[in-house]
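Visitor: let me see the structure of the following:
(chains A, B, C and D)
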4 protein chains.
Amino acid sequence: MTFTTDKDIRFHHCDPAGIVFYPQYFYLLSEAMEDFMAAAGKPQHEQINVLRRGWPIIKLDVDFLSMSRYGDRVSIDVVVKRIGGASLALDYLIRGPEGDRLKASTVVVHVDLETDKAIPIPDDVRAAFLPYCATT
Amino acid sequence: MTFTTDKDIRFHHCDPAGIVFYPQYFYLLSEAMEDFMAAAGKPQHEQINVLRRGWPIIKLDVDFLSMSRYGDRVSIDVVVKRIGGASLALDYLIRGPEGDRLKASTVVVHVDLETDKAIPIPDDVRAAFLPYCATT
Amino acid sequence: MTFTTDKDIRFHHCDPAGIVFYPQYFYLLSEAMEDFMAAAGKPQHEQINVLRRGWPIIKLDVDFLSMSRYGDRVSIDVVVKRIGGASLALDYLIRGPEGDRLKASTVVVHVDLETDKAIPIPDDVRAAFLPYCATT
Amino acid sequence: MTFTTDKDIRFHHCDPAGIVFYPQYFYLLSEAMEDFMAAAGKPQHEQINVLRRGWPIIKLDVDFLSMSRYGDRVSIDVVVKRIGGASLALDYLIRGPEGDRLKASTVVVHVDLETDKAIPIPDDVRAAFLPYCATT
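Guide: As a prediction, the model looks like this:
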C-alpha cells in the first residue's frame, strides 16, 4: 500500500533560477511524512507534543531527476521500506505530470525527546505503519 | 466578499519554543495570496512565469495576537482593502479555533519583472480582484 | 550607541524574481538581533537554552525601500528604541552601498518559556541593553 | 587543500526539538559552497547574475552523525572530490567541538541558465577549483 499526497510548488519554494531550491524539497518531504503519519492514524504532532517522541533523520540519499517550477503540481509517494526495532526506512518519489522529479531514501529513528535516546517503536505505531510496508 | 484559506501549522513552521517562527507566518501569507489570486482566476504563477509580472511588497504592518503551535489548523482571511493604479492593499487575518492569531496589512505593487518598474494593474486583473474589495 | 552587523545576501534568500524573498529579510533581522544581544553580552542562545527565557514578537512594521539582490552585502543597524518593563522596542535599518533598503520597527516581549507568560526584563539584561537605547 | 568555513547555528535553523531542522543543514551547505567558490576566486553570484550559469544538484548522500543545537559553532570542510566535464563532486563535513555532525557527498552540474542545459566547466573555473581537488 503506497501513500500519496499532492503538493503545489509555491513561489516560496523557488530560487533565482526559477526552480525549486533543493533544500525546499525536504520541506515538502517533511510535509509528506506528516501527511502519511496522519493518514496512518498517528499524527506526528501528537507524537511530539503529547508523547514527546520524535523521528530525527540519520540517513538521506537523493537523486534529483528533473526540475520543478513555480506553479507545478506534484505527487509524492511515501513507501515504508522497513520497520526496524527503533528505526524506520521511508522512501519517497516526487512525480510530475511528465515523469519523475526526485527519488529519496531516508532512515529516521524513534527518539524520546526528553533524553534524545533512541527507543523501540511502540506496537501501536508499528501496527499503524505496517500496511504501508513494502516488504511485509 | 472575503476569501478564506485553511492551513496546517507544520513542524517546519515551528521554532525551539514550539511555536511558529514569526518569519514563517509570511510563508503562510504568501501561500494565502497565491490561493486568493488563483481563486480570483489570476494564478500568480501565470502572472510571473508567462506575463513576467509580479507583486513585490512595499509595506507590512503586523500584530501578533496569540501563538500558533505545531498541529494547529488555522484559517486565513484575505481582504482586498484597496485597488490603486499600480498597487494593491491586502489585509490578512489568521484565526485559530479560540480566537485571532495575527493581523497583517500589506501593500504590494504590480511590476514588470523585466524592468523592475511599477506598471498599471491590467483591467482584467482589476476586475477579477474587485469582488473581494472591502471598499467598493 | 548603534549596533551594526554586516550580512551577505545569499542564494537561499532570493526568489524567482532574483531579489530577496521578503520573509527572508526577517531571517536576517533575527540574526541581527542575535548579533546585537551577543555583542551586549547577553547571547540569546544562553537566555533560551539555559535560562528558558525568550523574546517572541508582538508588533512589526516594515517599509521596503529598495530591492536587495544575490551577492549584495548589506549593513543592518539595530537601535534599542525603548526598554519597557517586560518589552523591548527594537528598530532596524538595512542599508546597501547606494541607500536604504528596509526599515523595521518591532516590539518583542520577554517571556518565561516554561509558562509562556511575560516576565520583567532582569536588571542585568536591562543594564546590558541600555547603552544602545536611543532615548536614554 | 581543504576549504573550511565556520558557521553559527542560529535560532532560525532549529526546530521544536531544539536541534537543527535537517533541511536547514542544506542552507548551511549552500552557504559553504558559496564561501568556497568565492575563496577560489569564482563567486557564485557572479556566475549566476553575470554569466547566467548555475550549479543545480543531481545527487546528495548524507549521514547525520550527531545533533547540532542553537548556539553551537560548527566548521564545514569542503572538498572537491572530482571535477568532471560538466559536473563537480563536492564533499562536506560539518564538525562540532566534540566530533563530526554530518557528512555529505554531492554532485552538481554546470548549466546554462538560459537553456537549462549542462555545459562544459570553463577552463578558468576548472583551474580555480583544481587546487582544492582531493584526487588531482
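Visitor: point out the other helices and strands that the longest helix seen in chain A packs with.
Guide: Ordering each helix of chain A by length in residues (DSSP state H) puts helix A:22-39 first. Helix A:22-39 makes packing contacts with strand A:3-8, helix A:44-49, strand A:57-64, strand A:73-83, strand A:87-96, strand A:99-109, helix D:22-39 when contacts are defined by 3 or more C-beta pairs under 8 Å, 6 or more residues apart in numbering or on different chains; DSSP states H and E. Glycine gets a C-beta too; all of them are placed from N, C-alpha and C.
Visitor: how far away from the center of its chain is it?
Guide: A distance of 5 Å separates the centroid of the chain from that of helix A:22-39, by C-alpha atoms, centre = their mean, to the nearest Å.
Visitor: let me know the average pLDDT across that helix.
Guide: Averaged across helix A:22-39, pLDDT comes to 98.
Visitor: contacts for that helix?
Guide: A:3, A:5, A:7, A:12-14, A:43-45, A:47, A:55, A:62, A:64, A:68, A:74, A:76, A:78, A:90, A:92, A:94, A:102, A:104, A:106, A:108, A:132, B:8, B:10-12, C:12, D:22-24, D:26-27, D:30, D:56-57, D:60 (C-beta atoms under 8 Å, 6 or more residues apart in numbering or on different chains).
Visitor: go on, stretch A:124-131?
Guide: Stretch A:124-131 is contacted from outside by A:1, A:40-42, A:47, A:80, A:83, A:88, A:110, A:136, using C-beta under 8 Å, 6+ apart.
Visitor: next, work out how far apart the residue most central in space within chain A and residue A:84 are.
Guide: Central residue of chain A (C-alpha atoms, centre = their mean): residue A:33, 3.3 Å from the mean position. Between residue A:33 and residue A:84 the computed distance is 16 Å (C-beta to C-beta, to the nearest Å).
Visitor: try residue A:32
Guide: Distance, residue A:32 to residue A:84, by C-beta to C-beta: 20 Å.
Visitor: who has more neighbours out of the two?
Guide: residue A:32 (23 against 13; other C-beta atoms under 10 Å in any protein chain shown).
Visitor: which one is the more buried one nearest to, not counting chain neighbours?
Guide: The shortest distance from residue A:32 to any non-neighbouring residue, by C-beta to C-beta, 6 or more residues apart in numbering or on different chains, is to residue A:76 (4.3 Å).
Visitor: give the buried residues for stretch A:101-114.
Guide: A:101-111, A:113 (16 or more other C-beta atoms under 10 Å in any protein chain shown).
Visitor: sorry, that was for stretch A:62-71
Guide: Using 16+ other C-beta under 10 Å as the test for burial, stretch A:62-71 gives A:62-64, A:67-71.
Visitor: thought residue A:62 was touching residue A:103?
Guide: Yes. With contact defined as C-beta atoms under 8 Å, residue A:62 reaches residue A:103; the gap is 7.1 Å.
Visitor: and residue A:8, what does it touch?
Guide: Residue A:8 sits in contact with A:71-73, B:34, where contact means C-beta under 8 Å, 6+ apart.
Visitor: distance between stretch A:129-136 and the chain's centre?
Guide: Its chain's C-alpha centre and that of stretch A:129-136 lie 15 Å apart, by C-alpha atoms, centre = their mean.
Visitor: tell me how far the nearest residue to residue A:64 once chain neighbours are set aside lies from chain B.
Guide: Nearest residue to residue A:64 in three dimensions, chain neighbours excluded: residue D:58, at 5.0 Å (C-beta to C-beta, 6+ apart). From residue D:58 across to chain B, the span is 23 Å (C-beta to the nearest C-beta, to the nearest Å).
Visitor: any stretches of chain A with poor pLDDT?
Guide: Low-confidence segments of chain A (pLDDT under 70): A:136.
Visitor: chain D contacts on that one?
Guide: Taking C-beta under 8 Å from any C-beta of the partner chain as the criterion, chain A approaches chain D at residues A:16-17, A:19, A:22-24, A:26-27, A:30, A:48, A:54, A:56-64, A:67, A:113, A:116.
Visitor: pull out the buried members of those residues.
Guide: With burial judged by 16+ other C-beta under 10 Å, the buried subset of the residues of chain A next to chain D is A:16-17, A:19, A:22-24, A:26-27, A:30, A:48, A:54, A:56-58, A:60-64, A:67, A:113.
Visitor: rewinding a little: and the furthest pair within the contacts of stretch A:124-131?
Guide: Pairwise distances across the contacts of stretch A:124-131 (C-beta to C-beta) peak at 22.3 Å, for the pair A:47 and A:136.
Visitor: higher neighbour count, these two?
Guide: Using other C-beta under 10 Å as the criterion, residue A:47 and residue A:136 rank with residue A:47 on top: 19 against 9.
Visitor: ok, now which ones touch that one?
Guide: If you count contacts by C-beta under 8 Å, 6+ apart, residue A:47 has them with A:37, A:53-55, A:125.
Visitor: could you rerun that using 6 Å?
Guide: By C-beta atoms under 6 Å, 6 or more residues apart in numbering or on different chains, the contact list for residue A:47 reads residue A:53.
Visitor: now do it against residue B:22, distance only.
Guide: 25 Å.
Visitor: these two touch, right, residue A:74 and residue A:94?
Guide: Yes. The pair residue A:74 / residue A:94 is scored as a contact, 5.2 Å apart, by C-beta atoms under 6 Å.
Visitor: more neighbours: those two, which one.
Guide: Neighbours per residue (other C-beta under 10 Å) separate residue A:74 from residue A:94, with residue A:94 holding more: 23 against 20.
Visitor: wait, doesn't the more buried one sit right on residue A:75?
Guide: No. With contact defined as C-beta under 6 Å, residue A:94 does not count as touching residue A:75 (7.4 Å).
Visitor: got the CA coordinates for the helix or strand where residue A:127 lies in CSV?
Guide: Using DSSP states H and E, residue A:127 maps to helix A:123-129. Provided in CSV are the C-alpha atoms of helix A:123-129 (Å, rounded to 0.1, in the frame of the first residue of the first chain):
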residue,chain,number,x,y,z
ASP,A,123,3.5,-1.7,19.0
ASP,A,124,0.5,0.5,18.1
VAL,A,125,2.7,2.7,15.9
ARG,A,126,4.3,-0.4,14.2
ALA,A,127,0.8,-1.8,13.5
ALA,A,128,-0.3,1.5,12.1
PHE,A,129,2.6,1.7,9.6
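Visitor: can you give me how far it is from the chain middle?
Guide: On the basis of C-alpha atoms, centre = their mean, helix A:123-129 sits 17 Å off its chain's mean C-alpha point.
Visitor: list the buried residues of that helix.
Guide: Using 16+ other C-beta under 10 Å as the test for burial, helix A:123-129 gives A:125-126, A:129.
Visitor: between the residues you listed, which sits nearest chain B?
Guide: The nearest member of the buried residues of helix A:123-129 to chain B, counting by C-beta to the nearest C-beta, is residue A:125 at 16.8 Å.
Visitor: how near is the closest one to residue A:70?
Guide: Distance of residue A:125 to residue A:70, computed by C-beta to C-beta: 36 Å.
Visitor: go through stretch A:74-92 and flag the buried ones.
Guide: Across stretch A:74-92, burial judged by 16+ other C-beta under 10 Å covers A:74, A:76-80, A:83, A:87-92.
Visitor: just how off-centre is it within its chain?
Guide: Offset of stretch A:74-92 from its chain centre (C-alpha atoms, centre = their mean): 7 Å.
Visitor: helix, strand or coil: sort out the residue nearest to residue A:85 when sequence neighbours are not counted for me.
Guide: What sits nearest to residue A:85 in space, not counting adjacent residues and going by C-beta to C-beta, 6+ apart, is residue A:120, at 5.7 Å. What DSSP: H, G, I helix; E, B strand; the rest coil gives for residue A:120 is coil.
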